[in-house]
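> the following comprises the amino acid sequence and a computationally predicted model.
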Amino acid sequence: MTPIVSRLAALAIVAIAPEAFAFAADQAQVDLQKEGLQLIQQLKETARDIRYHAERLESFSNSVQVSKWTHYHHLTEIKGLVNDGLQPALARLSEIQPQLASWKHEAINNLLDAAKVPLRRRPLGDSVQE
């Protein structure tokens, strides 16, 4: 390669580099937006499942013929859905919220407020030893 060709190649790389970095930044933002939408969908599905189990438990409240195992099963399912579904998704949404578009901040704040459960580091059902 002649010195002029190498300089032109270097100049071309320098000229293209900002666009490549901008594309990478745009792609990262798009990926973050997609992740946010997936997390919101996960929250919807988990909330639906929790509602199902809660309604089942409520329907059993007046029945004396329901076994302890049935109550235990539905409570355990709710606990698992909260610990493995809601809490991680809400925590991740809180984490990425500053990087999302500003109009999404209010929507995420509404989701967090609707949860009305502070994000805890300890999963539900763990005993506290003093």
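Looks like it came in fine.

> Val66: neighbour count?
Using other C-beta atoms under 10 Å as the criterion, Val66 is surrounded by 15 other residues. Any C-beta I mention is one placed from the backbone N, CA and C, and that applies to glycine too.

> go on, Tyr72?
The criterion is other C-beta under 10 Å. On that basis, Tyr72 has 10 neighbouring residues.

> and the pLDDT at it?
The pLDDT attached to Tyr72 in the predicted structure is 91.

> that one is in what secondary structure piece?
Per DSSP states H and E, Tyr72 falls inside helix 68-81.

> now the element after that helix, going C-ward?
Helices and strands here follow DSSP H and E; after helix 68-81, the next one along the chain is helix 87-96.

> measure the closest residue to Gln29 other than its chain neighbours to Asn109 for me?
By the measure of C-beta to C-beta, 6 or more residues apart in numbering, the closest residue to Gln29 outside its immediate chain neighbours is Gln99, 7.6 Å from it. The span separating Gln99 from Asn109 equals 15 Å under the rule C-beta to C-beta, to the nearest Å.

> which pLDDT value goes with Asn62?
The predicted local confidence for Asn62 comes out at a pLDDT of 78.

> would you mind measuring from Leu57 to Leu39?
On the measure of C-beta to C-beta, Leu57 and Leu39 end up 27 Å apart.

> buried ones in the helix holding Tyr72?
74, 77-78, 80-81 (16 or more other C-beta atoms under 10 Å).

> tell me the one of these nearest Gln87?
Using C-beta to C-beta, Leu81 is the member of these that lies nearest Gln87, at 9.7 Å.

> isn't the closest one right next to Arg51, touching?
No: in this structure, Leu81 sits apart from Arg51 without contact. The criterion is C-beta atoms under 8 Å, and the distance is 10.0 Å.

> next, Leu57: phi, psi?
phi -60, psi -40 (degrees, to the nearest 10).
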